[in-house]
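Undergrad: sequence below, structure please.
(one chain, ligands or ions: 1)
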Amino acid sequence: MLRLELHNLSVERVGAQGMDLAAELAANARKLEAARDSLVARKSNPEEFLGWMDTPEDTEAVREVLRYRQANPWVREFVVLGIGGSALGTQCVHAALGQGPVRLHIVDNVEPEPIQELLRSLDPRVSLVNVISKSGSTAETMAAFLVFRKWLEDSLGEDWKRHVVVTTDPARGLLRPYAQAEGLAAFEVPPAVGGRYSVTCPVGTLPLAFAEVDLDRLMAGARKANELATGPIGANLSAQTALVNERLAKKGMNICVFMPYSTRLRYLPDWFVQLHDESLGKMKDKQGREVRVGTTAVRAVGTTDQHAQVQLFREGPHDKLVTMVRLEHPTEDLEIPAVKGLESLDYLFGKSFFELLTAEAKATAHALAKAGQPNYTVTLERLDAYNLGWLLQHLMWQTAFLGELWNINAFDQPGVELGKEYTYALMGRKGYERLAQELKSEGVE
Ligand SMILES: O=P(O)(O)OC[C@H]1O[C@](O)(CO)[C@@H](O)[C@@H]1O
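TA: Numbers count the residues shown, from 1 in each chain. From the prediction side, this is the model:
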């Protein structure tokens, strides 16, 4: 059993059959320090893709986004065209903290019906389309851009240009030169920041500015995570949770359930799944030797999934580590009223929903631990921009630490590329004729 308080973000309890964190920390302190020092030392090398450590420090990038937001008060519908890291961070923070009159829409798939439905529901005169692609070439995003661009031009003529804003790499891909040629507003994804690590750069901050999220606090929280993650291991939450994940993976906990107790945080697991799986599911180590590492992140939301997945988590194979996220204080609570004739529910009368939510989280954590299912809880003081920025950045650090512990590159995704190439071949892209022939001979066309 362990309880480790670290200001308002803390790790509690790794269940019965789990591990003794204090002992493991003592035994692995040197390794974790080496991982931390190596990450920090490599930060200035753009090839290492560690630019996400610096984006929360870039207050000028935030000011630029806020100036653009202020210059466009006419926007009522904000449409994000992006996929994976170009959409998930925004979706997560927006669901948790978004407010105000501007409606956010995310197009991150190429299923025609929802796109048609969205287009029919939007008024182009008050719509701003933000095409987001680090590489500037992702087929799904580009296809959506071609459709939305035409839709804007068909109804607004030359004014369509005022309704498009591009977020992309400063040099790579076709979006940057296109934005320049057409005179479109454009923001930068810093070259050393990969998609799944990009929520604190304009990939996330631009849409979130329109959703009235307090960007200064979001960045301040992320900076707090930086401070802890680059500090001593005894107070280094990210190094510690990485170690828990690494140790338990070694004991066969190959599934990593990520379960916030919050509907407002319902998209946090989606963001985390991409961050964790794309970063850490790797066939080769840094030296190019075959290793095949990684644990599979699984989404869950408490309490909802107590009534769907917890049966398996408790009584199924103990091949999982469950990470819970819990809030210490509500933003707003709701009292449960007493009702005559329903006295058997009197244990609820006068209590609050937040009390019930907290009791459910604690009860589930303990029930899992009692069954020998390891789990720990990360608690946030409350759900606000500061704490969410802190949590997101902490999880990026946790991923980076795990990459170091597993000796793999946590910042590339070579496994995704072949599927992309096959898609290009199947869609008849120039230069992919031979691959198309090969696929045909393998029965795929
Ligand atoms: O921002 P881009 O370059 O369009 O990429 C979108 C997503 O596609 C991937 O390259 C592969 O799925 C992710 O890493 C990335 O977040």
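Undergrad: and stretch 69-88, anywhere near the ligand?
TA: Yes - Stretch 69-88 comes into contact with the ligand (C-beta under 6 Å from any ligand atom), by way of 83, 84, 85, 86. Heads up, the C-betas are built off the backbone N, CA and C, glycines and all.
Undergrad: return the set of buried residues in that stretch.
TA: 69, 72, 75, 77-88 (16 or more other C-beta atoms under 10 Å).
Undergrad: what's the answer for stretch 432-445, then?
TA: Quick answer for stretch 432-445 (16+ other C-beta under 10 Å): 432, 435, 436, 439.
Undergrad: try stretch 190-205
TA: By 16+ other C-beta under 10 Å, the buried positions in stretch 190-205 come out as 190, 192-205.
Undergrad: so of those residues, which ones are in helices?
TA: The subset of those located in helices under the criterion DSSP state H comprises 202, 203, 204, 205.
Undergrad: and the gap between the residue in the stretch 201-350 of the chain that the ligand sits nearest to and residue 414?
TA: Among all residues of the stretch 201-350 of the chain, residue 278 sits closest to the ligand, at 5.6 Å; criterion: C-beta to the nearest ligand atom. Distance, residue 278 to residue 414, using C-beta to C-beta, to the nearest Å: 10 Å.
Undergrad: ok, those two, which is more surrounded?
TA: The neighbour count for residue 278 versus residue 414, taken as other C-beta atoms under 10 Å, is higher for residue 278 (23 against 10).
Undergrad: apart from its chain neighbours, what residue comes closest to the more buried one?
TA: Counting by C-beta to C-beta, 6 or more residues apart in numbering, residue 278 lies nearest to residue 413, which is 4.9 Å off, once chain neighbours are set aside.
Undergrad: could you check how far stretch 197-211 is from the centre of its chain?
TA: Computed by C-alpha atoms, centre = their mean, to the nearest Å, the chain-centroid distance of stretch 197-211 equals 12 Å.
Undergrad: near the ligand, anything from it?
TA: No - counting by C-beta under 6 Å from any ligand atom, the ligand is not contacted by stretch 197-211; separation bottoms out at 7.6 Å.
Undergrad: okay, that stretch in PDB with CA atoms only?
TA: This file holds the C-alpha atoms of stretch 197-211, laid out as PDB (Å, rounded to 0.1, in the frame of the first residue of the first chain):
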ATOM      1  CA  TYR A 197       2.800  16.100 -27.800                       C
ATOM      2  CA  SER A 198       1.400  19.200 -29.400                       C
ATOM      3  CA  VAL A 199      -1.600  20.200 -27.200                       C
ATOM      4  CA  THR A 200       0.300  23.200 -25.700                       C
ATOM      5  CA  CYS A 201       1.300  24.700 -29.100                       C
ATOM      6  CA  PRO A 202      -1.100  26.300 -31.500                       C
ATOM      7  CA  VAL A 203      -2.400  22.800 -32.500                       C
ATOM      8  CA  GLY A 204      -4.300  22.900 -29.200                       C
ATOM      9  CA  THR A 205      -4.100  26.500 -28.100                       C
ATOM     10  CA  LEU A 206      -5.800  28.100 -31.200                       C
ATOM     11  CA  PRO A 207      -9.000  26.100 -31.000                       C
ATOM     12  CA  LEU A 208      -9.000  26.300 -27.200                       C
ATOM     13  CA  ALA A 209      -8.600  30.100 -27.300                       C
ATOM     14  CA  PHE A 210     -11.900  30.200 -29.200                       C
ATOM     15  CA  ALA A 211     -13.400  27.900 -26.600                       C
END
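Undergrad: what segments of the stretch 1-150 of the chain are strands?
TA: 3-4, 9-12, 77-81, 103-107, 127-133 (DSSP state E, counting those that start in this stretch).
Undergrad: out of those strands, nearest to residue 219?
TA: Proximity to residue 219 (C-beta to C-beta) singles out strand 9-12 among those, at 16.0 Å.
Undergrad: so for stretch 222-241, what gets flagged as buried?
TA: 222-226, 228-230, 233, 236-241.
Undergrad: can you narrow those to ones near the ligand?
TA: Counting by C-beta under 6 Å from any ligand atom, no member of the buried residues of stretch 222-241 reaches the ligand.
Undergrad: so what's the spatially most central residue of the chain up against?
TA: For the chain, the residue sitting closest to the mean C-alpha position, by C-alpha atoms, centre = their mean, is residue 271 at 2.7 Å. Remark: with contacts taken as C-beta atoms under 8 Å, 6 or more residues apart in numbering, residue 271 is in contact with 88, 89, 91, 92, 199, 392.
Undergrad: picking up where we left off before, for the buried residues of stretch 222-241, name the two members farthest from one another.
TA: Distance extremes for these: the farthest pair is 222 and 233 at 20.2 Å, using C-beta to C-beta.
Undergrad: state the pLDDT value of the spatially closest residue to residue 74 that is not a sequence neighbour.
TA: Leaving aside its sequence neighbours, residue 74 sits nearest to residue 126 (C-beta to C-beta, 6+ apart; 6.2 Å). Per-residue confidence at residue 126 stands at 98 (pLDDT).
Undergrad: rewinding a little: would TSV of the residues of stretch 69-88 next to the ligand with pLDDT be doable?
TA: Shown next, in TSV, are the residues of stretch 69-88 next to the ligand (pLDDT from 0 to 100):
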residue	pLDDT
83	98
84	97
85	98
86	98
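Undergrad: in terms of helices and strands, where is the residue nearest to the centre of the chain?
TA: Using DSSP states H and E, residue 271 sits in helix 268-280.
Undergrad: buried stuff in the helix or strand that comes right after that helix?
TA: Counting by DSSP H and E, the next helix or strand C-terminal to helix 268-280 is strand 282-284. Under the neighbour-count criterion of 16+ other C-beta under 10 Å, strand 282-284 has residue 282 buried.
Undergrad: likewise for stretch 349-364?
TA: Going by 16+ other C-beta under 10 Å, stretch 349-364 has these buried residues: 354, 357, 358, 361, 362, 364.
Undergrad: kindly reformat these as JSON lines containing distance to the ligand.
TA: Below are the buried residues of stretch 349-364 laid out as JSON lines (distance: C-beta to the nearest ligand atom, whole Å):
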{"residue": "354", "distance to the ligand": "35"}
{"residue": "357", "distance to the ligand": "32"}
{"residue": "358", "distance to the ligand": "34"}
{"residue": "361", "distance to the ligand": "30"}
{"residue": "362", "distance to the ligand": "35"}
{"residue": "364", "distance to the ligand": "32"}
